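Q: Generate coordinates for the sequence data below:
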Amino acid sequence: MKKTKEIYLCDSCGNEFPVWSGKCPACGEWNTLKEFKTQSSKSKSSRDSAFEVKKIGEIETKDSGRISSNISELDRVLGGGIVPGSIILLGGEPGIGKSTLLLQVAGNLSKTLYLSAEESASQVKMRAGRLGVKNEEIWLASDGDISELGHEIEKNKPDLLIVDSIQTVYLPDYDATPGSLLQVRECGIFLQQLAKKSGIPIILIGHVTKEGNLAGPRILEHLVDVVLYLEGERFNDARVLRGVKNRFGATDEVGIFSLQEKGLIEITNPSELFISEYSMKPGSVVTVTFEGTRPLLVEIQALAVPTNFGYPKRTSSGFDLNRLNLLAAVISKKTNANLSNYDIYLNVAGGIKLSEPAVDLAICAAIVSSFKNKPFKQKYCFFGEVGLSGEIRRIIKQDQRTKEAKTYGFSTKKFENIAELFLNLD
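A: Model (predicted):
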């Protein structure tokens, strides 16, 4: 007989508590505990199997190899392919291309079970036709109830299970609506155990909040083996697939795609994409950044204009605003360029986001060029970390950056401090 139990889940951290309190004991947030009723049909004493402990040397491992998605950029981020029995969480903003990418993956494998609780089977088929996916071995389901999923997997034995999305499926044993903290957590645990038991990899699509974080309890990210984010600007066709967590590989690799009518197209030479419209003009420079093991040439644009108010405005797209303020202060202090009366607008072309300190020199070069309204004398590629004294510090992988810059016709020059930038303006 099923027993009903009341629990309280925190909206902020996802922890569970037996009684309500105004302040979450785990994360310290106020008024975040929500009441849920759960049902349990099996007591702890009625386990199906005994708890088993083995020495690590006695455990047999199966090296069945990774499953290739036949999309090299995705396999790069995953560390070489999909590990059998793993569970992968793919997040991203609405319309960024998550479902498109996974439908392309389903079309490349011999047999995939695609569970879409957001769309009907006919809608998924229409989208597959638009993308040119002609694999007849894709099994479609549009039911949000995943309680019988284990029987379906055992009967059909697919190579991959795709769940679109974790916020729209549910388990009927729990009295909560799909997308609630309880359902997201319990469905995540259910699918994790299903993947480990069956050995079939599962890919989950996850919604994100307005802050850009994955929706639902934080425990969901701890349950899965791999967490991927698909990033990009809505009005730009460039897409970056970034690994945030990976138990089977590195997390410093990224995949570059272009969103086209036929789906996400792999970009094997991303530097050409990001600097395709670059020209030598005031406020526009090129830098080379590393995404994983791959060097990328990226165009940086800056605009420095006299402010109309007493307090100068700083705006940045694709670069940390606090770092921009710091570099502007260093330029004002260590050169004869007084930026205290200038608004500064910075943009990283192509929708990519830069975070490494190696692009500091390029940011300063773009600001100086716009401030003087002059381009640089030569087709330079700028990279280097800027210290608070205005000196240029060494960075990692300088030789690889120089080689990538010269491949596309850019020259490099060693700068000792940012004051030398003014001497190289046209």
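Q: Next up, the contacts around residue 30.
A: 22, 23, 24 (CB atoms under 8 Å, 6 or more residues apart in numbering). Just so you know, the C-beta spots here come from the backbone N, C-alpha and C atoms, and that holds for glycine as well.
Q: Repeat that for residue 150.
A: 194, 197, 198.
Q: next one: residue 132
A: So residue 132 contacts 262, 263 (CB under 8 Å, 6+ apart).
Q: ok, now how distant is it from residue 263?
A: 7 Å (CB to CB, to the nearest Å).
Q: can you check residue 414 too?
A: 44 Å.
Q: Between those two, which has more neighbouring residues?
A: Each of residue 414 and residue 263 has its neighbours counted (other CB atoms under 10 Å); residue 263 has more, 20 against 9.
Q: In space, what's closest to that one - neighbours in sequence excluded?
A: residue 131 (4.4 Å; CB to CB, 6 or more residues apart in numbering).
Q: Would you list the phi and psi of that neighbour?
A: Here is the backbone geometry of residue 131 (degrees, to the nearest 10): phi -80, psi -10.
Q: Show me where the stretch 151-300 of the chain dips below the pLDDT cut-off.
A: 210-212, 215-217 (pLDDT under 70).
Q: need the helices for it, in chain order.
A: All helices of the stretch 151-300 of the chain, identified by DSSP state H, counting those that start in this stretch, fall at 181-198, 219-223, 270-274.
Q: What residues of the helix or strand hosting residue 399 count as buried?
A: Per DSSP states H and E, residue 399 falls inside helix 398-407. For helix 398-407, burial by neighbour count (16 or more other CB atoms under 10 Å) applies to 401, 402, 404, 405.
Q: From residue 272, how far off is residue 296?
A: 10 Å.
Q: what about these two, which has more around it?
A: residue 296 (23 against 11).
Q: show me what contacts that one?
A: So residue 296 contacts 270, 271, 274, 288, 289, 290, 352 (CB under 8 Å, 6+ apart).
Q: ditto for residue 27
A: 10, 12, 13, 15.
Q: run the last query once more with 10 Å
A: 10, 11, 12, 13, 14, 15, 218 (CB atoms under 10 Å, 6 or more residues apart in numbering).
Q: List buried residues within those residues.
A: 10, 12, 13, 14, 15.
Q: Filter the contacts of residue 27 down to the ones in strands?
A: residue 10 (DSSP state E).
Q: For the contacts of residue 27, please prepare JSON lines with the additional fields distance to residue 424.
A: Below are the contacts of residue 27 laid out as JSON lines (distance: CB to CB, whole Å):
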{"residue": "10", "distance to residue 424": "56"}
{"residue": "11", "distance to residue 424": "54"}
{"residue": "12", "distance to residue 424": "51"}
{"residue": "13", "distance to residue 424": "52"}
{"residue": "14", "distance to residue 424": "53"}
{"residue": "15", "distance to residue 424": "56"}
{"residue": "218", "distance to residue 424": "49"}
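Q: Go through the contacts of residue 27 and name the one nearest residue 102.
A: residue 218 (23.3 Å; CB to CB).
Q: Just list the residues touching the closest one, thanks.
A: 10, 12, 13, 14, 15, 27, 185.
Q: Now for residue 233, how many residues are close by?
A: Counted with other CB under 10 Å, residue 233 comes out at 15.
Q: So it sits against residue 350, correct?
A: Yes - at 8.5 Å, residue 233 counts as touching residue 350 under the criterion of CB atoms under 10 Å.
Q: Check the contact lists of these two and give me the overlap.
A: Common neighbours of residue 233 and residue 350 (CB under 10 Å, 6+ apart) are residue 318.
Q: Per-residue pLDDT of residue 64, please?
A: Note on residue 64: pLDDT of 65.
Q: oh, I was asking about residue 49
A: 55.
Q: same question, residue 92
A: Residue 92 is given a pLDDT of 89.
Q: residues contacting the nearest residue to it once chain neighbours are set aside?
A: Among residues not flanking residue 92 along the chain, residue 230 sits closest, at 3.7 Å (CB to CB, 6+ apart). Residue 230 makes contact with 90-93, 96-98, 100-101, 205, 208, 239-242, 255, 257, 259, 264, according to CB under 10 Å, 6+ apart.
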